[in-house]
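In: make a model of this:
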Amino acid sequence: MSDTFIRGFNLAIARSKKKNQQRHHVTSIKPRQAKATEQVTADFNESAYRTMIISKMINLIISRKEIIK
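Out: The predicted model follows:
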């Protein structure tokens, strides 16, 4: 695999992890009272997400090659 593809793939994984961490963020309203800012989705499938990212990146590479020709 090319370095650009691997770098983009790693960035996509890092962004998904960052978004998951932000979902767990808690906002303090009053002392000793806090509410979650967003519900966490328990049905997150990382392998399906990775597969989707890979297919989108491959399609993007193919479309760019067609534009260059």
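
In: distance of A12 relative to E66?
Out: 22 Å (C-beta to C-beta, to the nearest Å). C-betas here are computed from N, CA, C, even on glycine.

In: out of those two, which sits in the busier spot?
Out: A12 (17 against 8; other C-beta atoms under 10 Å).

In: give me the number of residues near the closest residue in space to A12 that isn't next to it in sequence?
Out: The shortest distance from A12 to any non-neighbouring residue, by C-beta to C-beta, 6 or more residues apart in numbering, is to I53 (4.6 Å). I53 is flanked by 17 other residues according to other C-beta under 10 Å.

In: I53 and S47, how far apart?
Out: 11 Å.

In: just the C-alphas of the helix or strand that contains F9, formatted as CSV.
Out: Element membership of F9, judged by DSSP states H and E, is helix 3-23. Extracted C-alpha coordinates of helix 3-23, given in CSV (Å, rounded to 0.1, in the frame of the first residue of the first chain):
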residue,chain,number,x,y,z
ASP,A,3,2.3,5.8,2.1
THR,A,4,-0.5,8.3,1.4
PHE,A,5,-3.2,5.6,1.7
ILE,A,6,-1.8,4.4,5.0
ARG,A,7,-1.4,7.9,6.4
GLY,A,8,-5.0,8.7,5.4
PHE,A,9,-6.3,5.5,6.9
ASN,A,10,-4.5,6.2,10.2
LEU,A,11,-5.9,9.7,10.2
ALA,A,12,-9.4,8.4,9.7
ILE,A,13,-9.0,6.0,12.7
ALA,A,14,-7.6,8.8,14.8
ARG,A,15,-10.6,11.0,14.0
SER,A,16,-13.0,8.2,14.9
LYS,A,17,-11.3,7.7,18.2
LYS,A,18,-11.3,11.4,18.9
LYS,A,19,-15.1,11.6,18.1
ASN,A,20,-15.7,8.7,20.5
GLN,A,21,-13.8,10.4,23.3
GLN,A,22,-15.8,13.6,22.7
ARG,A,23,-19.0,11.7,23.1
